[in-house]
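*Asks:* Predicted structure and sequence below. I'll ask about it afterward.
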Amino acid sequence: MRPAAAIVATVVIIIAVSAGLTQHKGRTPTGSPVTGVVALVRTTAPQSDPFQGQFCAGILVRVSSVLTAAHCVTSLSPRDVVALVDGDNLCSGAPIEGTFVPVVAVSIDPGYDAAVGVHDLAVLTLAEGARSTPLEIGPGGAPGPATAYGWGRGPGGAPSCTLQRIQLEVPSQAECPSLFKDSSRPFVPDSMICALGDDGGNTCQGDSGGPLIAGIDDSAAKVIGVVSWGLGCTGPGVYARAMGVPIGST
């Protein structure tokens, strides 16, 4: 593993993968790294300022396995991506902490269909085991509170350079298909979870691949999904169900 401060690159590439189209409400800074949440950064970006290359998020589900959204990485090879583990701030105006770990393999869920958005899951294999504690995957869809994490767009439409959280509510999944009846994509219960924000906010552009965690206790809760797509950044959001994705043993 390589310390973030030790890596310098020269090319600035800004990539944004959309889970929404407008600005995002209701997000708050975490104030510190959250166990297992990682930023996915283009290797060609200046890693002294990884904000310029962050395009998606992910979550450690094994010490060397990161779960993310398939649409984040379908067009990328392992050499295009590095995972920033134990990072919060991504901007050069403040200390950039955490560890950059190279990605050596990208595995897309075989059921992924980009047109419909089903099984929007991928697993990235890291070159070395991360020191951060992985989170367990659990079954999702039961009504109750949930928390999503990412570096996506905040108030005013600007991307966030610090890790953000948003409190959500998972409704009865029987309600979800009707919420997307006017969408160009259907809600498919077998591979999707829908969640709503109490204040009209939801995950947004740049949050894709970030985890949806059951409940509000980071240390005990389980990963139930990853940010996939939604009806803008203020409508209901869709999260790819994490349970059942093959992630290996490391």
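*Replies:* Cool, got the structure.

*Asks:* Tell me how the protein divides into domains.
*Replies:* Domain assignment for the chain, taken from automatic domain parsing, gives 2-20+31-126, 144-241.

*Asks:* Okay, strands next: where are they in this protein?
*Replies:* With DSSP state E applied, the chain shows strands at 2-3, 28-29, 37-42, 54-62, 65-68, 81-85, 99-108, 122-126, 144-150, 164-170, 192-195, 211-214, 223-230, 237-241, listed in chain order.

*Asks:* Direction included, what does the fifth one pair against?
*Replies:* This means strand 65-68. strand 54-62 (antiparallel), strand 122-126 (antiparallel) (DSSP bridges).

*Asks:* among those strands, which is nearest Met243?
*Replies:* The closest of these to Met243 is strand 54-62. By C-beta to C-beta, the value is 11.0 Å. Using the backbone N, CA and C atoms, a C-beta is placed for each residue, glycine as well.

*Asks:* CA atoms only: put the closest one into PDB for me.
*Replies:* Taking Å, rounded to 0.1, in the frame of the first residue of the first chain, the C-alpha atoms of strand 54-62 are listed here in PDB:
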ATOM      1  CA  GLN A  54     -13.000  10.900  -8.000                       C
ATOM      2  CA  PHE A  55     -15.800   9.500 -10.000                       C
ATOM      3  CA  CYS A  56     -17.600   6.900  -7.800                       C
ATOM      4  CA  ALA A  57     -17.500   5.400  -4.300                       C
ATOM      5  CA  GLY A  58     -17.500   1.900  -3.000                       C
ATOM      6  CA  ILE A  59     -17.500  -0.100   0.200                       C
ATOM      7  CA  LEU A  60     -15.000  -2.700   1.500                       C
ATOM      8  CA  VAL A  61     -16.800  -6.100   1.900                       C
ATOM      9  CA  ARG A  62     -13.500  -8.100   2.300                       C
END
